[in-house]
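pasted the sequence and its predicted model underneath.
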Amino acid sequence: MSMHIETLVEDSSAEKLLQVLLPQFLGPQGEPHTWRVHADKGLGRIPQGLATKADPAKRILLDQLPRLLRGYGRTPGIDAVVVVLDADKRDCAAFLAELKAAADACDSASDTLFRLAIEELEAWYLGDRDALLAAYPRVKLDVLGKYVQDSACDTWELLADAVHSGGSAAIKKAGWPLPGQVKHEWAEKIGPFMVPERNISPSFGKLRDGLRRLVGGRSTVPAPSKCGDLPQICILVTLAGALPWSERCSLAVSCAPSSRVRLLGRTRWNR
C-alpha cells in the first residue's frame, strides 16, 4: 500500500539534504510512496491560541504550522505529515510536547511525525565521518576530534571551523548571504555520500527509523545516490539546536516524553 507524504522543513538547505536522503529512507519516488518537501524561511514560534495571524508569504514555519496542519488534515490523499526542525537552544522535551499539542488540537493528517536535529542539522553531517571525509578530504581532524555527537556546542560553527577556509569567524564576518550559501554547499557536497545505516547521530537515527516505521517497512531502500525525489509526507523538520542539556535532549528525542503512538489522535509522537 502506497503513502503520500508532505514534508515541512525550516530552510532550503534542509530541503536539499532531504531530497538526497528520503529515497534512501523510503525507496524511489513513486515506488510505491510519493512525497514533497516544502522549505520555509525560518522557524518562528507556534502562535498563542493556535490562531495564525502572520503573513503566509513570509513563510515562517511555526508561525504557519496550525494553518498548515488543519489544511493537510482536510486534504484527501495526504497520508502523513512529517515536521523536521532544529532544536537550537530549546528544551527538547518541552518543545516536542508543544508541537504534539498543536498537532492534536489541529486535527492534522492521518499521521504527524515530529523529528528534531540535535542541536542543528549539521550534527547529521558530523554523524557520518566517512561522508564528511569524502566530501572534504582536507577536513581538520583536530577540530572534528573535539565534537561530541549531538551535543550543544554551536554545531554549524564547529563544522565550519573544520572544513571552511577561515572557519566560522570568516563566515560571520562576511555576513549574509554567505552562511546560507555555505550550508547549501554542505548539503550538496556531503549529502550524496551519506549512508543512513552508518550515521551515529541519535537524532538522525530517529528520523530514519521513524520514517521507515511510518511506511510500515514496505520500502525497498536503494544504495546511496546523488539525487532523488521526495515522497509526499508532510515533514516538519525540527532540528534540536544548541541545547546545554545534550543527554536530556537525546533522551527526549529517543523516548521521552513521547514514546507512545496516539492512534486515536493520529499523531506519531517522536516514536
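Received it, and whenever you're ready, just let me know what you need.

C-alpha from now on. contacts and neighbour counts both.
Noted.

please list all residues in contact with the closest residue to Leu144 other than its chain neighbours.
Spatial nearest neighbour of Leu144, excluding adjacent residues (CA to CA, 6 or more residues apart in numbering): Ala162 at 6.5 Å. When contacts are counted by CA atoms under 8 Å, 6 or more residues apart in numbering, Ala162 touches 139-141, 143-144.

of those, which belong to strands?
If you go by DSSP state E, the contacts of Ala162 have nothing in strands.

looking at those, state which has the most neighbours.
Using other CA atoms under 10 Å as the neighbour test, those are led by Val139, with 18 neighbours.

so what does that one look like in phi/psi?
phi -60, psi 150 (degrees, to the nearest 10).

next: Met194.
Dihedral angles (degrees, to the nearest 10) for Met194: phi -70, psi 140.

what does Val215 give?
The phi/psi pair for Val215 (degrees, to the nearest 10) reads phi -90, psi 10.

okay, now the unreliable bits of the stretch 101-250 of the chain?
109-110, 217-250 (pLDDT under 70).

show me where it has strands.
In the stretch 101-250 of the chain, the segments counted as strands under DSSP state E, counting those that start in this stretch are 111-117, 236-239.

in stretch 170-184, what's buried?
Across stretch 170-184, burial judged by 16 or more other CA atoms under 10 Å covers 171, 179, 182-184.

among the contacts of Ala162, name the ones in helices.
Of the positions in the contacts of Ala162, 141, 143-144 sit in helices, assigned by DSSP state H.

closest one of these to Phe25?
Leu144 (26.6 Å; CA to CA).

now do the contacts for that closest one.
For Leu144, the contacting residues are 158-159, 162, by CA under 8 Å, 6+ apart.

can you redo those residues as JSON lines with distance to Leu61?
What follows is those, written out as JSON lines (distance: CA to CA, whole Å):
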{"residue": "Leu158", "distance to Leu61": "26"}
{"residue": "Leu159", "distance to Leu61": "25"}
{"residue": "Ala162", "distance to Leu61": "30"}
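
closest one of those to Trp124?
For the contacts of Leu144, the residue nearest Trp124 by CA to CA is Leu159; the value is 10.8 Å.

from Ala94, how far out is the residue nearest to Leu132 when sequence neighbours are not counted?
Closest residue to Leu132 apart from its sequence neighbours, by CA to CA, 6+ apart: Ile190 at 5.8 Å. Distance of Ile190 to Ala94, computed by CA to CA, to the nearest Å: 31 Å.

between those two, who's got more neighbours?
Just comparing Ile190 and Ala94: by other CA under 10 Å the higher neighbour count belongs to Ile190, 22 against 13.

do you have the helices of the stretch 1-150 of the chain handy? List them.
12-26, 61-74, 92-105, 122-126, 129-135, 141-144 (DSSP state H, counting those that start in this stretch).

most tightly surrounded among these?
For the helices of the stretch 1-150 of the chain, the largest average neighbour count (mean count of other CA atoms under 10 Å) is found in helix 122-126, namely a mean of 26.

show me what it packs onto, helices and strands only.
helix 129-135, helix 155-163 (3 or more CA pairs under 8 Å, 6 or more residues apart in numbering; DSSP states H and E).

repeat that with 7 Å
Contact partners of helix 122-126 among helices and strands, from 3 or more CA pairs under 7 Å, 6 or more residues apart in numbering; DSSP states H and E: helix 155-163.

how far does the helix it packs on sit from the chain's center?
Distance of helix 155-163 from its chain centroid, counting by CA atoms, centre = their mean, to the nearest Å, is 19 Å.

what's the answer for stretch 71-88, then?
Taking CA atoms, centre = their mean, one finds the center of stretch 71-88 at 12 Å from the center of the full chain.

sweet, I'm off.
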